[in-house]
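> Task: produce atomic coordinates for the following.
(chains A and B)
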Amino acid sequence: EAQVTQNPRYLITVTGKKLTVTCSQNMNHEYMSWYRQDPGLGLRQIYYSMNVEVTDKGDVPEGYKVSRKEKRNFPLILESPSPNQTSLYFCASSPTRRPNEQFFGPGTRLTVL
Amino acid sequence: SQQGEEDPQALSIQEGENATMNCSYKTSINNLQWYRQNSGRGLVHLILIRSNEREKHSGRLRVTLDTSKKSSSLLITASRAADTASYFCATDPNTGNQFYFGTGTSLTVIP
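Numbers count the residues shown, from 1 in each chain, chains lettered A, B, ... in the order given. Here you go, the predicted model:
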């Protein structure tokens, strides 16, 4: 089944404890992206990747890192999480940059205490 | 921010009625897309309209695009309870490689 998977789905952590949220797609998509969703703010793009080893900042990159060593994986790293990073996170992929119907993962709900 | 905005923020209608939601954006675009999100779940792509198109249909969905006004509308005809969800527009600007979502319209269809 073609899909985007994220792990974990739910995570409660404490300030400053490094964490990684994994994202994997099995559709051989080139473009991958991370978003955060907050009430009243919609989805905001954190980072995106055009292809392997090509990543760039979105609208809200502060406090996050990403890497794209393989085409299928695009992990999101929070080196030192803070409470303002409590949010619902989505990974998405699309076959190419344009046109770019995006396929979304199920989401990761992160709480930073 | 180049984020779009949907209007209204919330909409409640009876089953069988039509639902219209609007999206305004700020920059020139290559295309505009609409997505649906059921409560807390991942978004699902509904329809894409390119900047040189004015109207597009897909089943009970009708999307219009007015690039001169930088606005789009999504019409859902003969709504069903299963259409209850949040709807987001997303813009693909002509410049850069980012992607911008609107703030969403929460639609409730009452059986």
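
> Quickly note the distance from the residue nearest the centre of chain A to B:Arg60.
Nearest to the geometric centre of chain A sits A:Trp34, at 3.0 Å (C-alpha atoms, centre = their mean). Taken as C-beta to C-beta, to the nearest Å, the spacing of A:Trp34 relative to B:Arg60 amounts to 32 Å. C-beta: built from backbone N, CA, C; applies to glycine.

> now A:Gln6
Distance, A:Gln6 to B:Arg60, using C-beta to C-beta: 30 Å.

> again with A:Arg68
When C-beta to C-beta is applied, the distance between A:Arg68 and B:Arg60 equals 38 Å.

> ok so the residue nearest to the centre of chain A is a strand residue?
Yes. Note on A:Trp34: a strand contains this position according to DSSP: H, G, I helix; E, B strand; the rest coil.

> so who does it touch?
Residues in contact with A:Trp34 (C-beta atoms under 8 Å, 6 or more residues apart in numbering or on different chains) are A:23, A:45-48, A:58, A:64, A:66, A:74, A:76, A:89-92.

> Specify which member of those is nearest to B:Ser39.
Proximity of the contacts of A:Trp34 to B:Ser39 (C-beta to C-beta) peaks at A:Phe90, which lies at 14.0 Å.

> and that closest one, which of the three is it?
Each residue gets one of three states, and A:Phe90 gets strand by three-state DSSP.

> Hmm, A:Gly105 and it touching each other?
Yes. Counting by C-beta atoms under 8 Å, A:Phe90 sits close enough to A:Gly105 to count as a contact (6.0 Å).

> Now the common contact residues for the two.
Here A:Phe90 and A:Gly105 have A:6, B:42 as joint contacts, going by C-beta under 8 Å, 6+ apart.

> Show me what counts as buried in the least confident helix or strand in chain B by mean pLDDT.
In chain B, the helix or strand scored least confidently by mean pLDDT, DSSP states H and E is strand B:5-7, which has a mean of 88. By neighbour count, and taking 16 or more other C-beta atoms under 10 Å in any protein chain shown as the criterion, the buried residues in strand B:5-7 are B:5-6.

> Check which helices and strands that strand sits against.
With contacts defined as 3 or more C-beta pairs under 8 Å, 6 or more residues apart in numbering or on different chains; DSSP states H and E, the packing partners of strand B:5-7 are strand B:19-24, strand B:85-93.

> what sits against the closest residue to A:Ser93 other than its chain neighbours?
Distance criterion C-beta to C-beta, 6 or more residues apart in numbering or on different chains; nearest residue to A:Ser93, sequence neighbours excluded, is A:His29 at 3.9 Å. With contacts defined as C-beta under 8 Å, 6+ apart, the neighbours of A:His29 are A:71, A:93-96, A:103.

> who in chain A is up against chain B?
With C-beta under 8 Å from any C-beta of the partner chain as the criterion, chain A meets chain B at residues A:4, A:33, A:35, A:40-45, A:48, A:50, A:56, A:58-59, A:88, A:90, A:92, A:97-107, A:109.
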